[in-house]
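K.L.:
Have a look; sequence and predicted model below, questions after that.
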Amino acid sequence: MKRYHGVPASAGTAIAVTAVVERGADFPGLKPEGVHASGKDALDNFEQALLACIEQVDLSREKTLHSLGEESAAIFEAYAALLADPYLTDPIRSLIEGGMDETEAVEQALEQTAGIFERAKDEYMRQRADDIRNLKTMLLQKLSGVCTSVRFPEGDGPVAVAADSLSPTDTMAMDQDRLAALITHQGGSTAHVVILARTLGIPAVTGIDQAGEIPAGVTIIVDGNTGEVIVEPDEEALSKAAEQICEEQDFAAMLRTLPDSEAVTKDGETVHVSVNIGKSSDLDGLNLTPLFGVGLYRTEFLFLDRAVCPREEEQAEEYGKVFDALEGKDLIIRTLDIGGDKQIPYLDLPKEDNPFLGCRGIRLCLAHEDLFRTQIRALLRASKGRPFSVMFPMINTAEEYRSARAIWDDESRRCRREGLDISDEIRIGVMIETPSAVLMADELAAAVDFASIGTNDLTQYILAADRGNTGTGVEQTPFAPAVERAIAHVIRTFREAGVKLSVCGEAGSDPEYLTLMIRMGLRYVSVNRAAADRIRYCITQTTARA
């Protein structure tokens, strides 16, 4: 029996037999082995490989759409957009036109692009490096004829797939009825293959160095809750895992019986649960009845993974889909939070030695006022007279808030003069995610309509430790005494001022920490969609008073 410890990526427990990724020649490649193409031949080979990849992605999208729905199929829409994006493909063409072999050009250009994303400090951006490398692998496979495949063991039993890395196309090519778990070395919690695992409802563990070395055909236990993988477990481990699976199934069944109403603590306090989203499709298929609404709409995702800035019309169309889907439910939209760990090539932002302390969030929007004003107009157009809330990220002081608010009000007056229907009930607020905002909480509470605590950034800033750097020796936890005191101070200050306050960071998804914040006085929380029912249940099992 061998035990490996990785990163829990998709919750759940599975007992299954392993299958491993195999690579071999499945069809004639576009480039004969050992032949060095150049010029027009090399460019033609690349263009044919590109078209073949687009076709493969389209097929995967269709299969995913029919089996898992639009939200999961959007993964492949993103892949198709990348393959059609000149930002990704033109550097390859340039290298080929300069005399480089097409295989070398694909390897060099896409590895360079992946490296740009990999150096980002934000996990979401780092995982986009995996997407670029997945596309690189697809292109190289089309050129060489060597493809990946997974051969499941005979029978109809559950299968756990172990591999150094997996792409969404690899995953969707597998037998979904038998796929029980995924184990990989590469990837992270926001990797697309992990997102698919969550949609499929199967456990996934990443960061297992030995994932590619696990043999095929052996029994394995995968614990997506703790990140533990046990190869060839003994009877005691099997018995414990089987008991855990039964408990998970019972808990999942219980969650399905939760009433379609807001969550109330045992002592009668309503705690409003909303969801965090990054795009309109995140709401597809979601039962909104028991939810307060959307507590964080991260608008920056519309600006990522593309070659040019989205136009006002495109922004308005996407924002409008969210308004339409919510049908009057509460909506809190965060204006652009880019810069820092979210670098966007087409903005040509200057390199900063410490981007987390540089021009990011509202600072960037105030420095690039045209970008900010375009987004404001798009949001107002999309609202079509409907009320909503908007908050500015990385605010330090009430004065900074008033500067951003002045631009908002100026654009609102301009839109009204143009005849747009704009609600008088639009609420303007801020993110509380810097030590300065914590210390100035009383002045902010007196100035804003509402606020939301971003616990992820707030934790790293208070602890003065980069959350993307595992070598600091500092545990990134909101349970750190200084962070607890800061959050308690903000909740108390806003509660005494009678101003709405919510939490939209990861701390809100931790039942123990949420209980702590409820007892501090918190009554609004926004979590990832997958955690909403679990958090609603946890609220009903706690009390608002210790």
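P.N.:
Cool, the structure landed.
K.L.:
my read is residue 208 is in a helix, agree?
P.N.:
No. Counting by DSSP: H, G, I helix; E, B strand; the rest coil, residue 208 falls outside a helix, being coil.
K.L.:
Now it: closest residue in space that isn't a chain neighbour?
P.N.:
Once flanking residues are discounted, residue 208 sits nearest to residue 6: 4.0 Å by C-beta to C-beta, 6 or more residues apart in numbering. (Each C-beta comes from the backbone N, C-alpha and C, glycine too.)
K.L.:
Next up, the contacts around that neighbour.
P.N.:
Residue 6 makes contacts with 183, 205, 206, 207, 208, 211, 227, 228, 229, as judged by C-beta atoms under 8 Å, 6 or more residues apart in numbering.
K.L.:
quick one: which of those residues is nearest residue 271?
P.N.:
residue 227 (29.4 Å; C-beta to C-beta).
K.L.:
Report all helices and strands that the longest strand along the chain contacts.
P.N.:
Counting by DSSP state E, the longest strand found in the chain is strand 13-25. Helices and strands touching strand 13-25, by 3 or more C-beta pairs under 8 Å, 6 or more residues apart in numbering; DSSP states H and E, are strand 146-150, strand 159-163, strand 179-184, strand 219-223, helix 235-255.
K.L.:
Show me the domain layout of the protein.
P.N.:
Under the assignment automatic domain parsing, the domains of the chain span 28-144, 270-540.
K.L.:
Worst mean pLDDT among those?
P.N.:
Mean pLDDT per stretch puts domain 28-144 lowest among the domains of the chain, at a mean of 82.
K.L.:
now the helices: where do they sit in the stretch 1-150 of the chain?
P.N.:
All helices of the stretch 1-150 of the chain, identified by DSSP state H, counting those that start in this stretch, fall at 39-68, 70-83, 86-97, 102-118, 123-144.
K.L.:
I'd like these as CSV, with distance to residue 522 and mean neighbour count appended.
P.N.:
CSV is the format used below for these (distance: least, C-beta to C-beta, whole Å; neighbours: other C-beta atoms under 10 Å):
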stretch, distance to residue 522, mean neighbour count
helix 39-68, 34, 17
helix 70-83, 29, 20
helix 86-97, 42, 18
helix 102-118, 35, 19
helix 123-144, 25, 21
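K.L.:
As JSON lines, those with distance to residue 370 would be great.
P.N.:
Converted to JSON lines, these look like this (distance: least, C-beta to C-beta, whole Å):
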{"stretch": "helix 39-68", "distance to residue 370": "34"}
{"stretch": "helix 70-83", "distance to residue 370": "25"}
{"stretch": "helix 86-97", "distance to residue 370": "21"}
{"stretch": "helix 102-118", "distance to residue 370": "25"}
{"stretch": "helix 123-144", "distance to residue 370": "24"}
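K.L.:
circling back to that earlier point, can you list the domains of the chain in a markdown table and add distance to residue 195?
P.N.:
Putting the domains of the chain into a markdown table (distance: least, C-beta to C-beta, whole Å) gives the following:
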| stretch | distance to residue 195 |
| --- | --- |
| domain 28-144 | 7 |
| domain 270-540 | 10 |
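K.L.:
coming back round to it: name every strand pairing with the longest strand of the chain and say which way it goes.
P.N.:
The strands beside strand 13-25 in its sheet (DSSP bridges) come out as strand 146-150 (antiparallel), strand 159-163 (parallel), strand 219-223 (antiparallel).
K.L.:
about what we covered before: would you tell me which of the helices and strands packed on strand 13-25 gets closest to residue 65?
P.N.:
So among the helices and strands packed on strand 13-25, strand 179-184 is nearest, using C-beta to C-beta, at 18.0 Å.
K.L.:
Quick check: next helix or strand after the closest one?
P.N.:
Going down the chain from strand 179-184, the next helix or strand is helix 192-200, by DSSP states H and E.
K.L.:
show me the residues around the closest residue to residue 321 other than its chain neighbours that make contact.
P.N.:
Among residues not flanking residue 321 along the chain, residue 280 sits closest, at 3.6 Å (C-beta to C-beta, 6+ apart). Residue 280 is in contact with 318, 321, 322, 325, counting by C-beta under 8 Å, 6+ apart.
K.L.:
Wait, a strand at the second one?
P.N.:
By that I understand residue 321. No. According to three-state DSSP, residue 321 belongs to no strand; its state is helix.
K.L.:
Can you report how many residues neighbour it?
P.N.:
Residue 321: 14 surrounding residues under other C-beta atoms under 10 Å.
K.L.:
same thing with the first one?
P.N.:
Look at residue 318: counted by other C-beta under 10 Å, it has 18 neighbours.
K.L.:
so it, which of the three states?
P.N.:
With three-state DSSP as the basis, residue 318 sits in helix.
K.L.:
Going forward, count from 50.
P.N.:
Fine by me, first position is 50 from now on; the one you just mentioned is residue 367.
K.L.:
so how far is residue 424 from it?
P.N.:
Distance of residue 367 to residue 424, computed by C-beta to C-beta, to the nearest Å: 11 Å.
K.L.:
What of the last one?
P.N.:
Applying C-beta to C-beta, one obtains 20 Å for the distance of residue 374 from residue 424.
K.L.:
neighbour-wise, which of those two wins?
P.N.:
Neighbours were counted for residue 374 and for residue 424 using other C-beta under 10 Å; residue 424 has more, 25 against 18.
K.L.:
where's that one, which helix or strand?
P.N.:
Going by DSSP H and E, residue 424 is part of helix 418-432.
K.L.:
How far off centre is that helix?
P.N.:
How far helix 418-432 lies from its chain's middle: 24 Å, per C-alpha atoms, centre = their mean, to the nearest Å.
K.L.:
So which bits of it are buried?
P.N.:
Buried residues in helix 418-432, defined by neighbour count with 16 or more other C-beta atoms under 10 Å: 420-432.
K.L.:
Sketch out the helices for the stretch 300-449 of the chain, chain order is fine.
P.N.:
Using DSSP H, counting those that start in this stretch, helices in the stretch 300-449 of the chain cover 361-375, 411-416, 418-432, 447-466.
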